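1. Just the structure for this:
(2 chains)
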Amino acid sequence: MNVMAMSFAALIATSVAQLKFSGIYAGIATPKEKVLLAVTKGGRVLGLGNTSTGLKDALDPARSTINAKGTLKAVTGDGDTTINATVSSDFKLKGTGKSGSDTFRITASRTFN
Amino acid sequence: MPLSLDKASVIVGAILGGAILGYFLRDTSPDASPVTGKNPAPRPEPAVSQRDVRPMGRPTFARELSMESQERLRELETLAASDPRKALTKLPAYRDTELLSLALTALAKGWAQTDPQAAAQWAAQLESAEDQVSAALGLVPVWATKNPEECLAWASAQALGNMREVSLVELADTWVAHEPEKALGRFLSMKSEDGTERGLHAITAQWALDDPDAAIEHIAALDPAGRRDEFLETALVSLTNQDPDRVWSESTRFDDPKRVEHVRAMSLEAMAETRPQGALKLAASVGNPPALLEAVTRGWASWDAPAARAWIATLPDAELAKSLAASISGTPERESPASQD
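-> Here you go, the predicted model:
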């Protein structure tokens, strides 16, 4: 296998990787607010309504994404709260949220795919 | 055969979930336009672009793509790497299908392997912000791996808007995996905007997970008069799931006692999810501040609320017990991890 073919093989292996993370994730944002996120196969992240003070606005799906590595980067519509999290192969989502200069934890699990 | 309660709940849940999703995912864009590969007459960008908060049109969600669709996407990506012009001719076939965003990502990703500049030029000319973001998701991780400075120069030169923001965030996320110190330095040196702020969050949070020693030392050495404490807090809170003990021991790096307590609380909350007794010991070692006990009970109750409540009931201080019980009332319960205590 030549170098070009090898690079294509690597490409093929990851080309649709982001598909596997799609689904609905339910969890908690510190201190105890419920979080419900939807991850689409197109690599977008939607907030499905929650009561978190840090996430009081729905996430902006046009700017909230997940990539093929499973790194989720989301932001509320007003831009005040951002989330940076990783979805593991067992569909656990763990990461941090930031509101202004304050940081909080966010953890969730996929409940529906 | 009658449905069990569990099955009925699942079905009802799925219907409700579908209704909620339908609301969020409905296509309300008045000017949804086909992807043509190139837009010969790009619209002039407004001085400050409007936020495009339209729900994504026709996202693929909640069901598997067929193997055939997955194969089509793989072929498109491969073709884009070897013959991008030919790959562009395939795009109209994806118009008005659920695969459009994935096709744009795949094409950009393949093209970026061989000519990221050309792929970037094409991505920037796509008509809608939604399509541009889809392309950026494929383009930026590949380009940033090959040449982050070149990718940053391109992203920074784009008009303010979703593609620029998402590109900066993806760039930060990719760059930090290879050159975290450089990535942080470059993002800190840039004028603040949504993309750089989100990028800084991504860098500080991810670096702490990838290389805690280097990340903590480097961020702790930033200018205290700047945003050193903010970024150090982000790094440490990010590390809580992976190593709450380490976070506890690093919490004294802050001068602000509120930050010390917040980081300790995050550490104990994470620790209590698997080791509540260990978390209680650490809280006791600093005098059992109520905020820390709340964090312990919160983490504990998230997977074993009865045990947390039973512990609260043993407390001699009735006021504290009442306060802690209130703090975990209605706490959503997660899957139970194996306790390590």
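2. Just the C-alpha atoms of whichever strand or helix holds A:Lys98, please, in PDB.
-> Secondary structure from DSSP states H and E places A:Lys98 in strand A:92-99. Extracted C-alpha coordinates of strand A:92-99, given in PDB (Å, rounded to 0.1, in the frame of the first residue of the first chain):
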ATOM      1  CA  LYS A  92     -20.600   9.500  28.800                       C
ATOM      2  CA  LEU A  93     -20.300  13.300  28.400                       C
ATOM      3  CA  LYS A  94     -18.000  15.000  30.800                       C
ATOM      4  CA  GLY A  95     -16.600  18.500  30.700                       C
ATOM      5  CA  THR A  96     -16.800  22.100  31.900                       C
ATOM      6  CA  GLY A  97     -19.100  25.000  31.400                       C
ATOM      7  CA  LYS A  98     -18.100  28.600  31.700                       C
ATOM      8  CA  SER A  99     -20.300  31.600  32.500                       C
END
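3. and that strand, which residues are buried?
-> For strand A:92-99, a neighbour-count test (16 or more other CB atoms under 10 Å in any protein chain shown) marks A:Lys92, A:Leu93, A:Lys94, A:Gly95, A:Thr96, A:Gly97, A:Lys98, A:Ser99 as buried. Yep, even glycine has a C-beta here, placed from its N, CA and C like the rest.
4. Tell me who's in contact with the third one.
-> What that stands for is A:Lys94. A:Ala85, A:Thr86, A:Ser88, A:Arg105, A:Ile106, A:Thr107, B:Asn241 (CB atoms under 8 Å, 6 or more residues apart in numbering or on different chains).
5. Recalculate using a threshold of 6 Å.
-> Contacts for A:Lys94 (CB atoms under 6 Å, 6 or more residues apart in numbering or on different chains) come out as A:Thr107, B:Asn241.
6. What residues are bridge-paired with it?
-> Here A:Lys94 shows beta-bridge partners A:Thr86, A:Thr107, assigned using DSSP bridges.
7. got the residues of chain A near chain B?
-> With CB under 6 Å from any CB of the partner chain as the criterion, chain A meets chain B at residues A:8, A:11-12, A:15-16, A:22, A:28, A:32, A:34, A:40-44, A:46, A:48, A:60-63, A:65, A:71, A:73, A:77, A:79, A:82, A:84, A:94, A:96, A:98, A:101, A:103, A:105.
8. What subset of those residues is buried?
-> Using 16+ other CB under 10 Å as the burial test, the residues of chain A next to chain B include A:8, A:11-12, A:15-16, A:22, A:28, A:32, A:34, A:40-44, A:46, A:48, A:60-63, A:65, A:71, A:73, A:77, A:79, A:82, A:84, A:94, A:96, A:98, A:103, A:105 as buried.
9. Which residue, other than its chain neighbours, is closest to B:Leu232?
-> In this structure, B:Leu232 finds its nearest non-sequential neighbour in B:Ile219, 5.0 Å apart by CB to CB, 6 or more residues apart in numbering or on different chains.
10. And the pLDDT for that neighbour?
-> Looking at B:Ile219, its pLDDT is 98.
11. So what's the residue count around it?
-> Using other CB atoms under 10 Å in any protein chain shown, B:Ile219 is surrounded by 26 other residues.
12. ok, now B:Gln158?
-> Neighbour tally, B:Gln158, other CB under 10 Å: 21.
13. so what's the residue nearest in space to the middle of chain A up against?
-> In chain A, the centroid-proximal residue (CA atoms, centre = their mean) is A:Leu72; its distance is 3.1 Å. Residues near A:Leu72 by CB under 6 Å, 6+ apart: A:Val45, A:Ile66, A:Ala85.
14. export the buried residues of strand A:92-99 to JSON lines and tack on distance to B:Leu99?
-> Putting the buried residues of strand A:92-99 into JSON lines (distance: CB to CB, whole Å) gives the following:
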{"residue": "A:Lys92", "distance to B:Leu99": "28"}
{"residue": "A:Leu93", "distance to B:Leu99": "25"}
{"residue": "A:Lys94", "distance to B:Leu99": "30"}
{"residue": "A:Gly95", "distance to B:Leu99": "28"}
{"residue": "A:Thr96", "distance to B:Leu99": "33"}
{"residue": "A:Gly97", "distance to B:Leu99": "31"}
{"residue": "A:Lys98", "distance to B:Leu99": "34"}
{"residue": "A:Ser99", "distance to B:Leu99": "36"}
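15. residue ranges with poor pLDDT in the chain?
-> Because you didn't say which chain, this covers chain A. A:1-18, A:32, A:49-57, A:113 (pLDDT under 70).
16. Wait, chain B was what I had in mind.
-> Confidence mapping of chain B against pLDDT under 70 gives the ranges B:1-64, B:330-341.
17. Can you mark which positions in the helix of greatest length in it are buried?
-> As assigned by DSSP state H, the longest helix anywhere in chain B is helix B:290-313. Neighbour counts over helix B:290-313 (16+ other CB under 10 Å) mark B:292-305, B:308-309, B:311-312 as buried.
18. picking that back up, out of the buried residues of strand A:92-99, which is nearest to B:Lys281?
-> Distance to B:Lys281 across the buried residues of strand A:92-99 (CB to CB) is lowest for A:Lys94, with 24.0 Å.
19. Tell me which residues touch B:Pro141, please.
-> B:Pro141 touches B:Glu170, B:Thr174, counting by CB under 6 Å, 6+ apart.
20. same deal with B:Pro244?
-> With CB under 6 Å, 6+ apart, B:Pro244 has these contacts: B:Ser267, B:Ala270, B:Met271.
21. Show me the helices in chain A, by range?
-> A:3-14.
22. that older thread, same for the longest helix of chain B, what does it pack against?
-> Judged by 3 or more CB pairs under 6 Å, 6 or more residues apart in numbering or on different chains; DSSP states H and E, the packing partners of helix B:290-313 are helix B:257-272, helix B:276-285, helix B:318-328.
23. now for the second one, which elements pack on it?
-> Put plainly, it is helix B:276-285. Under the contact criterion of 3+ CB pairs under 6 Å, 6+ apart, helix B:276-285 touches helix B:257-272, helix B:290-313.
24. buried set for the shortest one?
-> Within helix B:257-272, the residues that count as buried by 16+ other CB under 10 Å are B:259-272.
25. Likewise for stretch B:109-127?
-> B:109-114, B:116, B:119-120, B:122-127.
26. Over to stretch B:323-330?
-> B:Leu324, B:Ala325, B:Ser327, B:Ile328.
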